[in-house]
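> predicted structure and sequence below. I'll ask about it afterward.
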Amino acid sequence: MQVIIVGGGWAGCASAYAAKKAGAEVMLLEKTDMLLGTGLVGGIMCNNGRFTALEEARALGGEDFIALIESVFRHRFLDFPGHRHAMLYDVTKIEPVIRDFLTRCGVTIKLQTRMTEVFVSDGYIKGLVTANDEILHGDVFVDTTGSAGPAKNCTRFGSGCAMCILRCPSFGPRVSLTAKAGLPEIKAGENFAHFEAMSGSCKLDKGSLDANLVQQLEHNGVLVIPLPPSMYKDDLLSSKACQQYALTEFARNLVILDTGHAKLMTPFFPLEKLRTLEGFANARYADPYSGGRGNSVRFMAMCHCNDALQVDGVKNLFCAGEKTGPLVGHTEAIVTGFIAGYNAVRLLAGLVPLVLPDDLTVGDIISYMHREIKETAGLSKKYTFSGSVYFERMQKKGLYNTNTSEIYERVSRAGLKQLLDRSLV
């Protein structure tokens, strides 16, 4: 019995891990030459409510997977504006760690494999075709193709192709499994509220910065450099995909995090202005290479799915990550990936897909987001454990917690401790 996962970002990798642990044969397709997608330029974990969510995921049985991320951390328990106890992993080291682990687990990884067509019959997906003219048959499928790209959308809603980590011109445009199956999606620009947004940060090449700045950054993990009023960027806050960082501090300071590169927490910053600041005279962007002008545009297409992450319209398709709705972040992608991969195998085993309860923050964010986006106002918001409207809800409901024993006890009370360790087929 085989689960085929399309999309090798954090959601796809987590889904592959969960499905393999549950006993299925797993094939993971990724159109580029590396796994992790935007996880190759992100690097922020555990900030604010993400700490709680990641510990819930660990208690659910994701310990081995989470330990991989922790093995390449650069800074832990780091505070920066509006965020506490963050972990920054090294974006230059994480991909081979995850790839090698999944391979050792027995996941078949097919890189540079872009899906082009899907076969659907009697309400089931039967298989798919790749750009390499391969025909792949599976029993259950998971769509983790993300919501960014192709380049024409960055031109339509942004400032053109920013030459980002997704590399659409090199490896082909993103192709949605859901759309290719003939199912409707929530698409930007098609009678929906404005919800597309730019990726939230750019990477600066450390070698292009003043050595003293780099030394401070690597020692402290964060730099907060005040901007002159003429360079305030308050108008950019609403365009950020990561609304948890849409705070005044990020508009009136250069906030830079050490993730292996120097991560500049702004969707873009004109290079000619950046170079007028002390220590940045020779600055250049590492990714996106057009970081002085724009960034990749996300939330272009999302699935209609239920709280078990089963996609409406066919019986054997699940989704995770940004395909589930306007859900932002690595942790959010990982936990939904765990659920989608596990539920895919439950379906194979003839079991009803599981909906996590609302007294777990991982279950609550999914059900809350799905209720909210039924209304126009809710669709225009972004949902994340680390800030904005959902972190406020976490705190009000008493779900935000940094006591790991209490978090584990909460998962135990729900009868879900080590859920992912249970072989189903």
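Thanks, I have the structure now. For clarity, every value in this text was computed on a predicted model and none was experimentally measured. Numbering: from 1, shown residues only.
> roughly how far apart are the nearest residue to Ala344 once chain neighbours are set aside and Gly62?
Once flanking residues are discounted, Ala344 sits nearest to Val140: 4.3 Å by C-beta to C-beta, 6 or more residues apart in numbering. Every residue, glycine included, has its C-beta placed from N, CA and C. According to C-beta to C-beta, to the nearest Å, Val140 and Gly62 sit 20 Å apart.
> what are the phi and psi values for Glu25?
Backbone torsions of Glu25, given as degrees, to the nearest 10, read phi -80, psi 140.
> ok, now Arg84?
Dihedral angles (degrees, to the nearest 10) for Arg84: phi -120, psi 160.
> and it, how many residues sit next to it?
Neighbourhood size, Arg84 [other C-beta atoms under 10 Å]: 14.
> contacting residues around the residue lying closest to it once chain neighbours are set aside?
Distances taken as C-beta to C-beta, 6+ apart put Asn48 closest to Arg84, at 6.2 Å, once the chain neighbours are dropped. Each residue near Asn48 by C-beta atoms under 8 Å, 6 or more residues apart in numbering is listed here: 83-85, 244, 385-387, 391, 400.
> need the nearest residue in space to Gly221, chain neighbours excluded.
His75 (3.6 Å).
> low-scoring pLDDT stretches of the chain, where are they?
The chain contains residues with pLDDT under 70 at 190-193, 241.
> mind giving me the domain split of it?
For the chain, the structural domains run 2-196+297-421, 200-287, going by automatic domain parsing.
> out of those, deepest packed?
domain 2-196+297-421 (a mean of 21; mean count of other C-beta atoms under 10 Å).
> how about the secondary structure of the nearest residue to Ala246 once chain neighbours are set aside?
Using C-beta to C-beta, 6+ apart and skipping the chain neighbours, the partner closest in space to Ala246 is Leu237 (4.1 Å). Assigned with DSSP: H, G, I helix; E, B strand; the rest coil, Leu237 falls in the helix class.
> need the contact list for Ser388.
Listed by C-beta under 8 Å, 6+ apart, the contact set of Ser388 reads 243-244, 246, 381-382.
> leaving out sequence neighbours, find the closest residue to it.
That would be Gln243: by C-beta to C-beta, 6+ apart, it lies 4.3 Å from Ser388.
> follow-up on the earlier one: keep only those of the contacts of Asn48 that are in strands.
Those of these mapping onto strands are 83-85, per DSSP state E.
> show me the helices in the stretch 1-150 of the chain, by range?
Here the stretch 1-150 of the chain has its helices, by DSSP state H, counting those that start in this stretch, at 10-21, 49-57, 63-70, 94-105.
> can I get those helices in JSON lines including distance to Thr336?
Formatted as JSON lines, the helices of the stretch 1-150 of the chain follow (distance: least, C-beta to C-beta, whole Å):
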{"stretch": "helix 10-21", "distance to Thr336": "6"}
{"stretch": "helix 49-57", "distance to Thr336": "10"}
{"stretch": "helix 63-70", "distance to Thr336": "13"}
{"stretch": "helix 94-105", "distance to Thr336": "17"}
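> before we move on, back to that, between the contacts of Asn48, which sits nearest Pro169?
Closest to Pro169 out of the contacts of Asn48 is Gln244 (30.2 Å), distances taken as C-beta to C-beta.
> in contact with that closest one, which residues?
Contacts of Gln244 by C-beta under 8 Å, 6+ apart are 47-48, 82-83, 328-329, 382, 384, 386-388, 391.
> again, 10 Å this time
44, 47-50, 82-83, 200, 250, 328-329, 382-391 (C-beta atoms under 10 Å, 6 or more residues apart in numbering).
> next one: Gly207
By C-beta under 10 Å, 6+ apart, the neighbours of Gly207 are 214, 262, 282, 284, 286.
> cool, Ser296 as well?
Contacts of Ser296 (C-beta under 10 Å, 6+ apart): 38, 41, 146, 148-149, 151, 153-154, 158, 161-166, 168, 198-199, 241, 267, 287-288, 290.
> thinking again about what came up before, which one among the contacts of Ser388 gets closest to Pro173?
For the contacts of Ser388, the minimum distance to Pro173 (C-beta to C-beta) is 23.6 Å, reached by Lys382.
> nearest residue to the closest one in space, ignoring adjacent ones along the chain?
Gln243 (4.3 Å).
> go on, Cys242?
Gly200 (3.5 Å).
> secondary structure class of the one you found, three-state.
coil.
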